[in-house]
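Visitor: Can you look at this prediction? I've put the sequence above it.
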Amino acid sequence: MLNKTIPERVFQVKDASGRQYKVTRYAWMESEADEAASAQWRETWHLLMTENGGFLDPVGDGRYVIDGTGTVVEPIEGETAAQPA
């Protein structure tokens, strides 16, 4: 089995005061094959992380809270946060 982690997408979020944060969606991928073609990889889980190392947890209504700070953020209009796994 092969595993890899990829920075799948970068997007912007903002808090209530308008401060913006850059977020990267990291996807953990695995393949059963020893030498996997791109079509053989599947996402097992993902993680949203700010450029300063804060993790985002969903709180509903498309919003997130940044672990450690309790800051509630939402994607900036037109930005897409995550794809279904």
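Guide: It's in.
Visitor: Going by C-alpha atoms from here, please, whenever you check contacts or count neighbours.
Guide: OK.
Visitor: Look up the pLDDT of residue 38 for me, please.
Guide: According to the per-residue confidence, residue 38 scores 62 in pLDDT.
Visitor: I'd guessed residue 56 sits against residue 48; true?
Guide: Yes: with contacts counted by CA atoms under 8 Å, residue 56 reaches residue 48, the gap being 5.4 Å.
Visitor: what separates the strand of greatest length in the chain from the chain centre, distance-wise?
Guide: For the chain, the strand that runs over the most residues, judged by DSSP state E, is strand 2-15. Using CA atoms, centre = their mean, to the nearest Å, the distance from the centre of strand 2-15 to the centre of the chain it belongs to is 4 Å.
Visitor: What's the mean pLDDT across it?
Guide: In this model, strand 2-15 carries a mean pLDDT of 93.
Visitor: Can you point out the buried residues in that strand?
Guide: By neighbour count, with 16 or more other CA atoms under 10 Å as the criterion, the buried positions of strand 2-15 are 10-15.
Visitor: same deal with stretch 17-27?
Guide: Applying a neighbour-count criterion of 16+ other CA under 10 Å, the buried positions in stretch 17-27 are 21, 23-27.
Visitor: can you list contacts of it?
Guide: 5-14, 43-51, 81-82 (CA atoms under 8 Å, 6 or more residues apart in numbering).
Visitor: now swap in stretch 59-75 and tell me
Guide: For stretch 59-75, using CA under 8 Å, 6+ apart, the contacting residues are 11-16, 54-58, 81.
Visitor: same thing but at 10 Å, please
Guide: Applying CA atoms under 10 Å, 6 or more residues apart in numbering, the set of residues contacting stretch 59-75 from outside is 11-23, 48-50, 53-58, 80-82.
Visitor: Tell me which entries of those lie within helices.
Guide: Taking DSSP state H, every one of the contacts of stretch 59-75 sits outside helices.
Visitor: mind listing which of these are in strands?
Guide: Restricting the contacts of stretch 59-75 to those inside strands, with DSSP E as the criterion, leaves 11-15, 20-23, 48-50, 56-58.
Visitor: sorry, back to before: would you mind giving the buried residues of stretch 17-27 as JSON lines with distance to residue 73 and pLDDT added?
Guide: Formatted as JSON lines, the entries for those read as follows, by distance: CA to CA, whole Å; pLDDT from 0 to 100:
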{"residue": "21", "distance to residue 73": "9", "pLDDT": "95"}
{"residue": "23", "distance to residue 73": "11", "pLDDT": "96"}
{"residue": "24", "distance to residue 73": "14", "pLDDT": "96"}
{"residue": "25", "distance to residue 73": "15", "pLDDT": "95"}
{"residue": "26", "distance to residue 73": "18", "pLDDT": "96"}
{"residue": "27", "distance to residue 73": "21", "pLDDT": "96"}
